[in-house]
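Student: Based on what follows, work out the 3D shape:
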Amino acid sequence: MDWMTYNWDDALKNYVTNLTKPVDCIVLGRNLAQGFIPYWASVAADPHNPEFSAGRKFTDTHKVVFTKTLDEPVWANTVLAKGDLTEEINALKSQNGKDIIAYGGATFVSALIRQGLIDEYHLFINPTAIGQGMVIFRELDANQQLTLIRATAFDCGIVVLHYEPKRS
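Tutor: Prediction:
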């Protein structure tokens, strides 16, 4: 993760705050969850941490971890999903509530993309060329047309591309 830009400017922090404000469910793959959830719990436990409010948001929000290996959730506000990915996500989408946000490792996000389960993309382009890495669109077996909603450049060098899939 040394290629990521961490010195986010205030405008990018506000973008993420506004993106996550209406979220009341986070879906994650197990691999990411094992680092993501404990990290944000430690941030939320320290009121002096500059990311304290983000830590509280992520810690207090209901999380669904997709796993084939865990038998019990080991984190607060977390349940496990062990069934068919498409059925589980569609069941979450059909429930009353606000927005759902997916955080992934590339394997989990690739599966969501392949099954057409993503309603919006907010792709954060970091100003680093690494030449290799985990590709989230690798699993597509056909082109997926996207409509650009907005491209936003931030002073820290990150560009966020907001797309929606074209639906037929």
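Student: Every contact and neighbour count from this point should use C-alpha atoms.
Tutor: Will do.
Student: Can you give me the buried ones in the helix ranked longest in the chain?
Tutor: Ranked by number of residues, the top helix in the chain under DSSP state H is helix 30-44. Going by neighbour count (16 or more other Cα atoms under 10 Å), the buried part of helix 30-44 is 30-31, 33, 36-37, 40-41, 43-44.
Student: And for stretch 123-132?
Tutor: Buried residues in stretch 123-132, counted by 16+ other Cα under 10 Å: none are found.
Student: Quick one: end-to-end distance for that stretch.
Tutor: Criterion Cα to Cα, to the nearest Å; first-to-last residue distance in stretch 123-132 is 17 Å.
Student: Mind jotting down where the helices sit in this protein?
Tutor: With helices called from DSSP H, the chain shows them at 10-20, 30-44, 52-60, 85-94, 106-114.
Student: Same list, those, but as JSON lines with mean pLDDT please.
Tutor: Shown next, in JSON lines, are the helices of the chain (pLDDT from 0 to 100):
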{"stretch": "helix 10-20", "mean pLDDT": "93"}
{"stretch": "helix 30-44", "mean pLDDT": "91"}
{"stretch": "helix 52-60", "mean pLDDT": "91"}
{"stretch": "helix 85-94", "mean pLDDT": "96"}
{"stretch": "helix 106-114", "mean pLDDT": "89"}
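Student: Dump these to CSV, plus distance to residue 79.
Tutor: Output for the helices of the chain, formatted as CSV (distance: least, Cα to Cα, whole Å):
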stretch, distance to residue 79
helix 10-20, 20
helix 30-44, 11
helix 52-60, 13
helix 85-94, 12
helix 106-114, 16
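Student: How about the residue positioned nearest the centre of the chain: what's its closest non-neighbour residue?
Tutor: Residue closest to the mean C-alpha point of the chain, counted by Cα atoms, centre = their mean, is residue 103 at 2.2 Å. Distances taken as Cα to Cα, 6 or more residues apart in numbering place residue 28 nearest to residue 103, at 5.2 Å, with adjacent residues excluded.
Student: my read: the one you found touches residue 65, true?
Tutor: Yes: counting by Cα atoms under 8 Å, residue 28 does reach residue 65; the two are 4.9 Å apart.
Student: These two: which is more packed in?
Tutor: residue 28 (25 against 22; other Cα atoms under 10 Å).
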